[in-house]
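Peer 1: Give me a model of this one.
(chains A and B)
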Protein chains: 2
Amino acid sequence: MRLADLTTPALVVDRAAFDRNVAEMAAVRPGPALRPHVKAFKSTALAARLAAAGHRTFCCATVREVEGMAAAGLGDDLLLANEVLDATRLGRVAGSGARITVAVDSEATVVAAARGGVREVLVDVDVGMPRCGCDPADAGRLADLARAHGLTVRGVMGYEGHLMRAPADVKAARVEEAMVLLLAAHEATGGDVVSAGGTGTYDVNRWATEIQAGSYCLMDTEYVPHVPAFEHALYLWGTAIAVRARWAVADVGLKAQAMNHGDPTVVGGSCIFVSDEHVTFAPAAGRPVAVGAGVTLLPAHVDPTVTMHERMWVVESVDAGPAAGLDGDAEIVDEWPVDLRGW
Amino acid sequence: MRLADLTTPALVVDRAAFDRNVAEMAAVRPGPALRPHVKAFKSTALAARLAAAGHRTFCCATVREVEGMAAAGLGDDLLLANEVLDATRLGRVAGSGARITVAVDSEATVVAAARGGVREVLVDVDVGMPRCGCDPADAGRLADLARAHGLTVRGVMGYEGHLMRAPADVKAARVEEAMVLLLAAHEATGGDVVSAGGTGTYDVNRWATEIQAGSYCLMDTEYVPHVPAFEHALYLWGTAIAVRARWAVADVGLKAQAMNHGDPTVVGGSCIFVSDEHVTFAPAAGRPVAVGAGVTLLPAHVDPTVTMHERMWVVESVDAGPAAGLDGDAEIVDEWPVDLRGW
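Peer 2: Numbering: from 1, shown residues only, chains lettered A, B, ... in the order given. Below you'll find the predicted structure:
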């Protein structure tokens, strides 16, 4: 089957670019120095390729991701890097033999972990981004509380998400400031794990024992300028369904791509607006579009875009690169179900 | 089961508000004067309630919606109000006994309809919004072309989407301008149908024989101020998973709600930012939030939010209204699968 034979809109992965991204990361963060974040791709088929590249510890954002990863035989060491108030489903997965660790940042989440039957926790520490994570000064108390509830404290996690796009000349210094907070908390909690970071800080965070990165596999237009070591491996493939004198319309709308990072990049044109089912765009001079032609978009935010699709279609390589877009004659060589959607 | 027992995030429908919205629309646009747009709710269970309220003609935006509606026994008269280049799946549904009409706005889409085995078309006319739809002057030629290909031309459609939020004092006049274009095209095409409009023009578009509205059933924060005859019937229900001195965090992120109309409304607080899995918000003065508490959000855009969920949970009534939010003790009285997702 070729790209031109697909029902559109469709998600398409450039496997060669994906493999290069995986190799770059594995060179800097080999094996368990990376804990790939499943939330970015929500696919056990993709995760299995990361496991084959040496990463067998994974990070999840939802209970369903944990359940699906364990069911797929990828449950050696799964961290739910998020807080939950009902850990009974997690406890069930742990009971089935997978190794499950959950983040805790409050008494209620400690109690929930213990009550749900989870046996291991990381204390989630606020290192500067206003989201989950306890006050660093509270980490030791929570670790003691967890141990009092019979839980093993493996260490700490803290996501410096506010620094993923920090300017290159100050990024390392600012990450160090955040990690000083995390290491102080770690002193108070004990345990072997200091889990932090993401695609934007994979190469500058020298303090974490493991990096939580997922976007690097596929990338998007918002992230590539900040972390040019990784390249676009994810595309949206659509069909031009209407063409007028000053615009064309493709069938890739709001239900096929996330808009929180702004408009997508339309290859060979410029985006005018995106509505529920459509993208209206201006074809570039000298690149007219015919009704029925394939249209390539580069998504603006990989994580919430992937979760809108049932599967990713894989091509061997997009030789011409993102500036030229996909070729409808390209053979589809694999299909990766997005099987970890929902909650 | 109560709301507090749900896995969060979850979509929740206020059935009483939904029923009032349906009744208001049915009073103004009874029976086939409304062609409810399935794209707004993607649920055959919800559609069945509209059919019970007298609307048995439906509008779809995707082939999968058409297939699902027909399979659910709601195929009396299904319009795919969108262009397709491969109509073979539509033809298959038509062959199974459902009545299928597809929009066409170019030679290629006419040929595709005929080749795919669809028997009836509407000529889609550009009435002022830069998206699909032919030049009004081209409608007659396309109708002739369709008839030459053995297709029945049922009439025209034209979506005045650019006027849904027009100021109330000029809306009717501007809709008339758009409909003058559509009626001129209709003169040239023949047929009985003039299909147009949406939730924002349901009461002012006097020229269409049928209105294509879907958002009115559930509504969102962007639409309610423009069309106050309809009320919020859709909520997002989350759990407060972390609480700090100046903010709280609920588990309702970018994968649970569309952001193209901006931030959601957090009941009892103000949204600070939304990330993949979380909304960080500032609780209002005097409304502290505890870890584990239920958190209610009003979505900013109904259509692309609904499609992110596997089901809607239904409660009898949100007596306190959207300003007070959902009550975790409310009983769930029904479950409407969002069974028409994907393409």
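Peer 1: per-domain residue ranges of chain A.
Peer 2: A:3-12+A:229-337, A:30-212 (automatic domain parsing).
Peer 1: quick one, helices of the stretch 51-200 of chain A?
Peer 2: Here the stretch 51-200 of chain A has its helices, by DSSP state H, counting those that start in this stretch, at A:63-71, A:88-95, A:107-116, A:139-148, A:168-189.
Peer 1: Looking at these, which is nearest to chain B?
Peer 2: When the helices of the stretch 51-200 of chain A are compared by Cβ to the nearest Cβ, helix A:107-116 sits nearest chain B, at 4.1 Å. Using the backbone N, CA and C atoms, a C-beta is placed for each residue, glycine as well.
Peer 1: quick one, the closest one and helix A:139-148 angle?
Peer 2: Between helix A:107-116 and helix A:139-148, the angle comes out at 20 degrees (axes from the mean of the first three to the mean of the last three Cα atoms, to 10 degrees).
Peer 1: Just give me how far helix A:107-116 sits from the chain centre.
Peer 2: 26 Å (Cα atoms, centre = their mean, to the nearest Å).
Peer 1: now the residue nearest to A:Val193 when sequence neighbours are not counted: how far from chain B?
Peer 2: Leaving aside its chain neighbours, A:Val193 sits nearest to A:Gly155 (3.3 Å; criterion: Cβ to Cβ, 6 or more residues apart in numbering or on different chains). From A:Gly155 across to chain B, the span is 19 Å (Cβ to the nearest Cβ, to the nearest Å).
Peer 1: burial of A:Gly155, as a residue count?
Peer 2: A count of nearby residues for A:Gly155, using other Cβ atoms under 10 Å in any protein chain shown, gives 22.
Peer 1: swap in the one 3 residues further on?
Peer 2: Neighbour count for A:Gly158, taken as other Cβ under 10 Å: 32.
Peer 1: ditto for A:Pro136
Peer 2: The burial count for A:Pro136: 22, using other Cβ under 10 Å.
Peer 1: Are we agreed that A:Ala282 is in a strand?
Peer 2: Yes: assigned with DSSP: H, G, I helix; E, B strand; the rest coil, A:Ala282 falls within a strand.
Peer 1: pretty sure it is in contact with A:Ile272, am I right?
Peer 2: Yes: with contact defined as Cβ atoms under 8 Å, A:Ala282 reaches A:Ile272; the gap is 5.9 Å.
Peer 1: Give the residues shared as contacts by these two.
Peer 2: Common neighbours of A:Ala282 and A:Ile272, using Cβ atoms under 8 Å, 6 or more residues apart in numbering or on different chains, are A:Trp247.
Peer 1: tell me the phi and psi of the residue positioned nearest the centre of chain A?
Peer 2: By Cα atoms, centre = their mean, chain A has its centre lying nearest to A:Ala40, at 2.0 Å. Phi and psi for A:Ala40, reported as degrees, to the nearest 10, are phi -80, psi -20.
Peer 1: Tell me which residues of stretch A:71-78 come out buried.
Peer 2: For stretch A:71-78, the neighbour count (16 or more other Cβ atoms under 10 Å in any protein chain shown) marks A:Ala72, A:Leu74, A:Gly75, A:Asp77, A:Leu78 as buried.
Peer 1: whoops, stretch A:140-160 was the one
Peer 2: Counting neighbours by 16+ other Cβ under 10 Å, stretch A:140-160 gives A:140, A:142-143, A:145-146, A:151, A:153-160 as buried.
Peer 1: end-to-end on that stretch?
Peer 2: Terminal residues of stretch A:140-160 are spaced 20 Å apart (Cα to Cα, to the nearest Å).
Peer 1: Quick one: mean pLDDT for it?
Peer 2: Average pLDDT, stretch A:140-160: 98.
Peer 1: and it, how far from the chain's centre?
Peer 2: Using Cα atoms, centre = their mean, the offset of stretch A:140-160 from its chain centre is 25 Å.
Peer 1: can you pull out the helices in the stretch 201-343 of chain A?
Peer 2: Ranges of helices within the stretch 201-343 of chain A are A:302-306, based on DSSP H, counting those that start in this stretch.
Peer 1: Enumerate the residues of it near chain B.
Peer 2: When proximity is defined as Cβ under 8 Å from any Cβ of the partner chain, the stretch 201-343 of chain A approaches chain B at A:239, A:241-244, A:246-247, A:249, A:251, A:253-255, A:258-260, A:272, A:274-278, A:280, A:290-292, A:301, A:303-304, A:307-310, A:342-343.
Peer 1: Just the buried ones among those residues, please.
Peer 2: Among those, the ones that count as buried (16+ other Cβ under 10 Å) are A:239, A:241-244, A:247, A:249, A:251, A:253-255, A:258-260, A:272, A:274-278, A:280, A:291-292, A:301, A:303-304, A:307-309, A:342-343.
Peer 1: tell me the residue furthest from the middle of chain A?
Peer 2: Going by Cα atoms, centre = their mean, the residue of chain A most distant from its centre is A:Ala245, 39.1 Å out.
Peer 1: roughly how far apart are that residue and A:Ala53?
Peer 2: Taking Cβ to Cβ, to the nearest Å as the measure, A:Ala245 falls 49 Å from A:Ala53.
Peer 1: for A:Met157, same thing?
Peer 2: 22 Å.
Peer 1: Up against chain B, what does the stretch 51-200 of chain A have?
Peer 2: Residues of the stretch 51-200 of chain A lying near chain B by Cβ under 8 Å from any Cβ: A:61-63, A:82-86, A:105-109, A:126, A:130-133, A:135, A:161.
Peer 1: Any chance of a PyMOL selection covering the buried ones in the residues you listed?
Peer 2: Of these, the buried ones go into a single PyMOL selection, burial set by 16+ other Cβ under 10 Å:
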select buried, chain A and resi 61+62+63+82+83+84+85+86+105+106+108+109+126+130+131+132+133+161
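Peer 1: thought the residue nearest to A:Val193 was touching A:Gly190?
Peer 2: Yes: with contacts counted by Cβ under 8 Å, A:Gly155 reaches A:Gly190, the gap being 7.3 Å.
Peer 1: what pairs with the lengthiest strand in chain A, and is each one parallel or antiparallel?
Peer 2: Identified as the longest strand of chain A according to DSSP state E is strand A:234-243. Strand A:234-243 pairs in its sheet with strand A:10-14 (antiparallel), strand A:248-250 (antiparallel), strand A:294-298 (antiparallel), by DSSP bridges.
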